[in-house]
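**Q** A predicted structure for the sequence below; I have some questions about it.
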Amino acid sequence: MPASTEVQPKLEEDETALETVEDVPVNKMTSFNGRLQQFLHNGTATREALSTSRTTISQRRINTTNERQADPITPSPRRKRTVPPTAPITTATHQRTTRSKSTLMATSPSPSKRKRTATPQIPPTPPIAGPPATESLLRDTIPPNLILLLVGVNPGIMTGVTGYAYAHPSNLFWKLLYSSGITSVRHIPADTYKLPALYSVGNTNIVERPTRDASMLSRAEMDAGVPVLEAKVAAQRPEVVCLVGKSIWEAVWRVRHGRGIRKEEFRYGWQAETENMGRGDGWAGAPVFVATTTSGLAAGMKPAEKEAVWAELGSWVVKRRQERGLDSVVVKEEV
């Protein structure tokens, strides 16, 4: 290899020349070659210094890396979250769980809730045996020549079943008869058929069909009962006819006048002579007295107002009974 042999002696000569130049002071080199050598000297020194610093830095990095590898820093222990393995929930398992929970909730009673004790069932009261709802056991008591004929609207349910007039306990009929003087004692409904003989007082109704309340009757039913009532009065000719309730007089007025009675035309008590009932065959008819209803369901008037109306009728009945000489019969019957 001849090329490498030639280069080696040349490099040695350059190193010898550099060593010679380093020993010569720079300020003594005034020739061109001297300055050139100075430039080369400074460049070489600078390169060596840079190379030395780089070598030093590299050596430090190597040392630091070796130290870290020799003495590794142990990291601070951290707790790892341990997630328990969850088994996949199938639809069937979920349904079984839900059903078991619902079964427990349905079967196990809540301790906070009280157990309800079953209330003993009271058997319903059997209905009172009686006629159908369209029939009534109540009979008219209208012998001839009565002092007073009382006309009601229609029988109540209890009256229709028992056959006694104004049989319901809430009805004020028997109380008003006594307080007004029409009867000398307070009778009970079972005495219905004794009144004609004791006091010359009879009883009938404008409608025979029993209902719980008179308001359940139609206007047509009420109007249809007017000619029937007129015929009864004409046949038995009582001295006075008392209509027990405003609605009866309204029905009579509609049939006679072809219209409803006006408010200013209505009044309780004695009516005009032209309104007498049952007239015909030379008889002037029976005067009409309109009394208040005795139903306990009617609250349009106070009890004192009802008693005042009935007292007017009672005073006439007492006087007329005395004129007939019937007081002695009543007293004997009471004893």
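**A** Sure, I can see it. Numbers count the residues shown, from 1 in each chain.
**Q** Compute the number of surrounding residues for Leu297.
**A** Using other C-beta atoms under 10 Å, the number of residues around Leu297 comes to 13. The C-beta positions use only the backbone N, C-alpha and C, and glycine is treated the same way.
**Q** Can you name the residues that contact it?
**A** Leu297 sits next to 170, 213 when contact means C-beta atoms under 8 Å, 6 or more residues apart in numbering.
**Q** Would you agree it falls within a strand?
**A** No - counting by DSSP: H, G, I helix; E, B strand; the rest coil, Leu297 is not found in a strand; it is coil.
**Q** what pLDDT does it get?
**A** In this model, Leu297 is scored at 74, pLDDT.
**Q** quick one: terminal-to-terminal distance for stretch 195-203?
**A** Length of stretch 195-203, first residue to last, C-alpha to C-alpha, to the nearest Å: 9 Å.
**Q** What residues sit buried inside it?
**A** Using 16 or more other C-beta atoms under 10 Å as the test for burial, stretch 195-203 gives 195-196, 198-203.
**Q** got it, and stretch 269-284?
**A** Here stretch 269-284 shows 271, 275-279 as buried, counting by 16+ other C-beta under 10 Å.
**Q** from the buried residues of stretch 195-203, which is closest to Pro238?
**A** Nearest to Pro238 among those: Gly202, at 6.7 Å, using C-beta to C-beta.
**Q** re earlier: possible to save the buried residues of stretch 195-203 as TSV with distance to Pro143, secondary structure and pLDDT?
**A** Putting those into TSV (distance: C-beta to C-beta, whole Å; DSSP: H, G, I helix; E, B strand; the rest coil; pLDDT from 0 to 100) gives the following:
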residue	distance to Pro143	secondary structure	pLDDT
Leu195	10	helix	98
Pro196	5	helix	97
Leu198	12	helix	96
Tyr199	12	helix	97
Ser200	9	coil	97
Val201	10	strand	98
Gly202	7	strand	98
Asn203	11	strand	98
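**Q** circling back: from the buried residues of stretch 269-284, pick the one nearest Pro143.
**A** Gly278 (15.1 Å).
**Q** Now do the contacts for Ile142.
**A** 149, 202-204, 232, 236, 238.
**Q** would TSV of the residues you listed with secondary structure and distance to Arg139 be doable?
**A** Shown next, in TSV, are the contacts of Ile142 (DSSP: H, G, I helix; E, B strand; the rest coil; distance: C-beta to C-beta, whole Å):
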residue	secondary structure	distance to Arg139
Leu149	strand	14
Gly202	strand	11
Asn203	strand	9
Thr204	strand	9
Lys232	helix	13
Gln236	helix	14
Pro238	coil	17
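**Q** I'd like those as a markdown table, with distance to Asp140 appended.
**A** Conversion of the contacts of Ile142 to a markdown table gives the following (distance: C-beta to C-beta, whole Å):
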| residue | distance to Asp140 |
| --- | --- |
| Leu149 | 10 |
| Gly202 | 7 |
| Asn203 | 7 |
| Thr204 | 5 |
| Lys232 | 7 |
| Gln236 | 9 |
| Pro238 | 12 |
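**Q** Narrow those residues to those that are buried.
**A** 149, 202-204, 232, 236, 238.
**Q** Any figure for the gap between Trp316 and Gln322?
**A** 11 Å (C-beta to C-beta, to the nearest Å).
**Q** okay, the two: which has more neighbours?
**A** When Trp316 and Gln322 are compared for neighbours, Trp316 comes out ahead with 19 against 10, by other C-beta under 10 Å.
**Q** is it true that the more buried one lies in a helix?
**A** Yes - Trp316 forms part of a helix when assessed by three-state DSSP.
**Q** What's the separation between it and Arg279?
**A** Trp316 is 20 Å from Arg279, by C-beta to C-beta.
**Q** Among the buried ones among the contacts of Ile142, find me the one that's closest to Lys175.
**A** Asn203 (15.9 Å).
**Q** Show me what the closest one is bridged to.
**A** Thr141, Leu150 (DSSP bridges).
**Q** I'd say it and Tyr164 touch.
**A** No - counting by C-beta atoms under 8 Å, Asn203 does not reach Tyr164; the two are 10.1 Å apart.
**Q** what's stretch 242-256 in contact with?
**A** By C-beta under 8 Å, 6+ apart, stretch 242-256 touches 148-153, 173, 206, 214, 219, 222-223, 225-227, 229, 259-261, 265-266, 268, 271, 275, 277, 288-295, 313.
**Q** Quick check: which ranges of the stretch 1-150 of the chain have low pLDDT?
**A** 1-134 (pLDDT under 70).
**Q** Tell me which stretches of the stretch 151-300 of the chain form helices.
**A** Under the criterion DSSP state H, counting those that start in this stretch, helices of the stretch 151-300 of the chain are mapped to 157-162, 173-180, 195-199, 219-236, 246-257.
**Q** Now do the same contact list for the residue lying closest to Gly296 once chain neighbours are set aside.
**A** Nearest residue to Gly296, sequence neighbours excluded (C-beta to C-beta, 6 or more residues apart in numbering): Ser170, at 3.0 Å. Neighbouring residues of Ser170 by C-beta under 8 Å, 6+ apart: 295-297.
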